[in-house]
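1. All I have is the shape, not the residue letters:
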């Protein structure tokens, strides 16, 4: 049976779902996508496929994955999307189509309690006096129950805050994990999770976990995700950012202090030479304090490391790195070092390598390195400038059946930017498909761009922004997201419009994100002012959201350390960073933001772009070509006409 026939028997207009579901809506784009994904999985091809909102891409690739009869890992952007797949979408597929389908949800080890770390935490003297230990009683009660009936997942505790200090001390970490040599390996919640995954057909992971797995497998020290035969990357537009974060690293005094604390804890016993090791640790601690609390004290915004390299920094670096190397060597020469001490030695060498890389006088063109203020101390960061070659060697050569999908992958109808960022521009080239949208943007939307607006860099832009938004929001009767590229403009315009509009004006940061969205849905005519975290992953259907306004084209800030390093590399290679990197990146972001508006075939609304450069600059046509042909309107009265039709 060919692939088209198989898919049509399930998703076609007279297929299994159409016969079993009242009101089933056949979408030819969904059928096309399922066929292409199935062909890629079976023939071991790479596929890049843009599936606009409303395609039904999740069901399409789940059906294709089940029909392929391969063990498939499905990676998506966030834990929330993972849980939606696992608890909503997959049960539907299992209940209606594939009753034998087995799936497993995998999370990072930081979501699970570590038996050993919890015991060590409880052994600390004066634990009740430790700052932030208020959650300990409820955690202990949960832990006792979870050992019997749970999975050791922090999600089982609904009242635990994201930054709970106790959890940070007791969760599983890669640095302290002893693997198969751990005495608790038979009860380890992380290993149990992976055991369940090893018996499944589909493994639901996220991009950070995928990147972690690639690193661990290449190192030869095991795996994070059990072996799979094919990979589907959903929300693939976010994979580069997740990989950049994961393949990079961060150094702080806290991390070095934790290494010292763990080493001292393990050296309390009668280990040979422990006194000398304690002296080494004291010196490392002293120079670390000098480096992180003294040398870089004035840092207030992200700044390049190169601006701070001087003899004082070099001395602290050399003192710390030299003593960490000696520490690791002496631990290795102990008669019978514990596995915990061996782990300390490995961590010491890793920190030494990272510190040398970040604070090297010779520029490292492969990493962007910068400093950033965190509370009272300084954090050092290093992120890879490019991640494409890492995917080529760690993923594509190992897993040829790989599918990349999202509603926003193309810029101006081309995948060149996406392919270049993820190393997909090498031979053999991937198959490429841009599905047409199931929505009628010509009738469901208008694109409103005002006739007169100063450019975003001109004086008076914020005042003009507030004035124009007041007129637009009055005509749409509120019911809008106003998306900003900076917190400053968001707060300024919000303050200017407060009291001038008869609608609830909500603003990001005033309440948790989920609470703001609930309030937006419940309060008639609400307007939500927000920045980057609301540009994607938000789903509000119906009349509650009838306008999405964007203050300016979302170019990434050129002084961002990673953006600056990438544009510099493209320039040194003879390319044009603006047209090959900055413009397509901004196009994808704009598509994400405006994609909040039309979520169903019955939705209608105004796309409002308040950056006149989309019409006056040559690159504006690339942005306009990516907006699904929404009719351009420049007279504000057209907004009234649109809503009265």
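-> It's in. For clarity, every value in this text was computed on a predicted model and none was experimentally measured.
2. Now do the same for residue 63: helix, strand or coil?
-> Three-state assignment for residue 63 (DSSP: H, G, I helix; E, B strand; the rest coil): helix.
3. Look up how far residue 291 lies from it.
-> Noted for residue 63: a distance of 55 Å to residue 291, by C-beta to C-beta, to the nearest Å. The C-beta positions use only the backbone N, C-alpha and C, and glycine is treated the same way.
4. which other helices and strands contact the longest helix along the chain?
-> For the chain, the helix reaching the highest residue count under DSSP state H is reported as helix 311-332. Helix 311-332 sits against helix 274-290, helix 339-358, with contacts defined as 3 or more C-beta pairs under 8 Å, 6 or more residues apart in numbering; DSSP states H and E.
5. Tell me which of those sits nearest to residue 8.
-> For the helices and strands packed on helix 311-332, the distance to residue 8 is smallest for helix 339-358, at 53.0 Å, taking C-beta to C-beta.
6. which strands and helices sit next to the closest one?
-> Helix 339-358 is packed against strand 249-251, helix 253-266, helix 311-332, strand 367-374, strand 377-384, with contacts defined by 3+ C-beta pairs under 8 Å, 6+ apart.
7. Can you check what angle separates it from strand 367-374?
-> Angle of helix 339-358 versus strand 367-374, following axes from the mean of the first three to the mean of the last three C-alpha atoms, to 10 degrees, is 110 degrees.
8. Please state the offset of helix 339-358 from the chain centre?
-> 27 Å (C-alpha atoms, centre = their mean, to the nearest Å).
9. show me where pLDDT drops low in this structure?
-> Flagging of the chain using pLDDT under 70 yields the residue ranges 1, 125-133, 219-222, 269-273, 296-301, 374-375.
10. do that again at 50, thanks
-> For the chain, residues meeting the criterion pLDDT under 50 lie at 128-129.
11. From the centroid of it, which residue is nearest?
-> Computing the C-alpha centroid of the chain and ranking residues by C-alpha atoms, centre = their mean puts residue 242 first, at 4.8 Å.
12. On the three-state scheme, that one is what?
-> Secondary structure of residue 242, per three-state DSSP, is helix.
13. pretty sure it contacts residue 211?
-> Yes: Residue 242 sits in contact with residue 211 when judged by C-beta atoms under 8 Å, with a separation of 6.1 Å.
14. Make JSON lines out of the helices and strands packed on helix 339-358 and add distance to residue 469.
-> Listed next are the helices and strands packed on helix 339-358 as JSON lines, based on distance: least, C-beta to C-beta, whole Å:
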{"stretch": "strand 249-251", "distance to residue 469": "38"}
{"stretch": "helix 253-266", "distance to residue 469": "42"}
{"stretch": "helix 311-332", "distance to residue 469": "47"}
{"stretch": "strand 367-374", "distance to residue 469": "32"}
{"stretch": "strand 377-384", "distance to residue 469": "35"}
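15. Let's have the ones you listed in a markdown table, adding mean neighbour count and distance to residue 503.
-> Below are these laid out as a markdown table (neighbours: other C-beta atoms under 10 Å; distance: least, C-beta to C-beta, whole Å):
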| stretch | mean neighbour count | distance to residue 503 |
| --- | --- | --- |
| strand 249-251 | 19 | 42 |
| helix 253-266 | 18 | 44 |
| helix 311-332 | 17 | 53 |
| strand 367-374 | 20 | 37 |
| strand 377-384 | 21 | 40 |
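16. Tell me which of the ones you listed sits nearest to residue 617.
-> Comparing the helices and strands packed on helix 339-358 against residue 617 with C-beta to C-beta, the closest turns out to be strand 367-374 (27.7 Å).
17. That closest one pairs with which strands?
-> Strand 367-374 has its sheet partners listed here by DSSP bridges as strand 303-304 (antiparallel), strand 377-384 (antiparallel).
18. Could I get those in CSV, plus columns for distance to residue 370?
-> Listed next are the strands paired with strand 367-374 as CSV, based on distance: least, C-beta to C-beta, whole Å:
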stretch, distance to residue 370
strand 303-304, 6
strand 377-384, 5
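19. Point out the one among those that comes closest to residue 356.
-> Using C-beta to C-beta as the criterion, the shortest distance between residue 356 and the strands paired with strand 367-374 is 10.9 Å, found for strand 377-384.
20. Can you name the secondary structure element that comes next after that closest one?
-> Past strand 377-384, further along toward the C-terminus, the next helix or strand under DSSP states H and E is helix 388-391.
21. Can you name the element that comes right after that following helix?
-> Remark: after helix 388-391, the chain's next helix or strand is strand 401-406, criterion DSSP H and E.
22. And the closest residue to residue 417 other than its chain neighbours, how close does it get to residue 622?
-> Of all residues beyond its chain neighbours, the one nearest residue 417 is residue 584 (3.5 Å), with distances taken as C-beta to C-beta, 6 or more residues apart in numbering. Residue 584 sits 8 Å away from residue 622, going by C-beta to C-beta.
23. Would you mark the buried spots in stretch 540-557?
-> Under the neighbour-count criterion of 16 or more other C-beta atoms under 10 Å, stretch 540-557 has 540, 544-556 buried.
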